[in-house]
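# okay, structure incoming, though there's no sequence with it:
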């Protein structure tokens, strides 16, 4: 989960995977994300959609999506091998690990996500992240770090590769595979509106977009009670606003606020735009 890098882009009228008249997540009016901590309390809450860590059990009775980071390797995942070495002043082992997370998230490392060795860890066989999540009963996949194509380490490593097109291909290939494995599987992008605006194939593929830190943001590695875990005001650019409003699939917002007046403000601002809000704090380890 990362702050959005903003840049100008031409905009298209975006159509998502479902028909514009009936997007597959159009019924969702409340949602929540929790990536750490006990998830049992979620079962008793009436959220219409949930995003959970794939190591957890999916909660039945509503769309439940598994978090998958497609732009970074995470050393706490099952795919991490004992002989792997984190990148430092140069690439790590394997050499598709390029650099430490630029925002300071511990144990996360930017990857050359077009590398077939990395993609094989995400989907395509036993033990791959998408395969395991769908086999566990998740209804779809929440893809984080799709803005890796705008990262400096990625740009430096992309010899003969267009990083943006490579990410678009990853998203569409992963989505097609997931839907072959589980017909109707949802695919939602975190901070993916800009990619969808630039690449029509992505817009036609996805079922929704989450926009993180639209009104209030927080710092990496802050504890739940830390002031830095939220309440940092944001001013979304006109470019981003236009991209989000152009989407024909649902837009969900994820803001970080500890102060109730900020939480109320974020929810009201999102609802005024027709977005579905959720407000938490950056650790995402409990319900607010």
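Everything's here; your move. Quick caveat: nothing in here was measured; it's all calculated off a predicted structure. Numbering: from 1, shown residues only.
# which elements pack onto the helix or strand harbouring residue 266?
Residue 266 is part of helix 260-272 when elements are defined by DSSP states H and E. Using 3 or more C-beta pairs under 8 Å, 6 or more residues apart in numbering; DSSP states H and E as the contact criterion, the elements in contact with helix 260-272 are strand 216-217, strand 251-256, strand 276-280. From N, CA and C alone the C-beta is placed, and that goes for glycine too.
# give the next helix or strand downstream of the shortest one.
Going back to what we said before, that points to strand 216-217. Defined by DSSP H and E, the subsequent element after strand 216-217 is strand 232-233.
# packing partners for that following strand?
Going by 3+ C-beta pairs under 8 Å, 6+ apart, strand 232-233 lies up against strand 216-217.
# return the distance of the strand it packs on from the chain's centre.
On the basis of C-alpha atoms, centre = their mean, to the nearest Å, strand 216-217 sits 16 Å off its chain's mean C-alpha point.
# same deal with stretch 219-237?
Worked out by C-alpha atoms, centre = their mean, stretch 219-237 lies 18 Å from the chain centre.
# tell me which residues are up against it.
Residues external to stretch 219-237 that are found in contact with it (C-beta atoms under 8 Å, 6 or more residues apart in numbering): 6, 101, 103-106, 213-218, 255-259, 262, 280-283, 285-286.
# isn't residue 72 up against residue 106?
No. Judged on C-beta atoms under 8 Å, residue 72 makes no contact with residue 106 at a distance of 11.7 Å.
# the two - which one has more neighbours?
residue 72 (23 against 11; other C-beta atoms under 10 Å).
# distance from whichever strand or helix holds residue 209 to the middle of the chain?
Residue 209 belongs to strand 208-212 when assigned by DSSP H and E. Relative to its parent chain, strand 208-212 has a centroid offset of 7 Å by C-alpha atoms, centre = their mean.
# pairing partners for that strand, with directions?
Partner strands and pairing direction for strand 208-212 (DSSP bridges) are strand 186-190 (parallel), strand 251-256 (parallel).
# quick one: the helices in the stretch 51-200 of the chain, in order.
116-122, 129-135, 152-157, 163-181, 193-198, 200-205 (DSSP state H, counting those that start in this stretch).
# ok now do the nearest residue to residue 88 once chain neighbours are set aside, which residues does it touch?
Nearest residue to residue 88, sequence neighbours excluded (C-beta to C-beta, 6 or more residues apart in numbering): residue 100, at 7.9 Å. By C-beta under 8 Å, 6+ apart, the contact list for residue 100 reads 86-88, 108-110.
# among these, which ones are buried?
When the contacts of residue 100 are checked for burial by 16 or more other C-beta atoms under 10 Å, the buried set is 87, 108-110.
# adding distance to residue 130 and pLDDT, write the residues you listed out as TSV.
Output for the buried ones among the contacts of residue 100, formatted as TSV (distance: C-beta to C-beta, whole Å; pLDDT from 0 to 100):
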residue	distance to residue 130	pLDDT
87	24	97
108	19	98
109	20	98
110	20	98
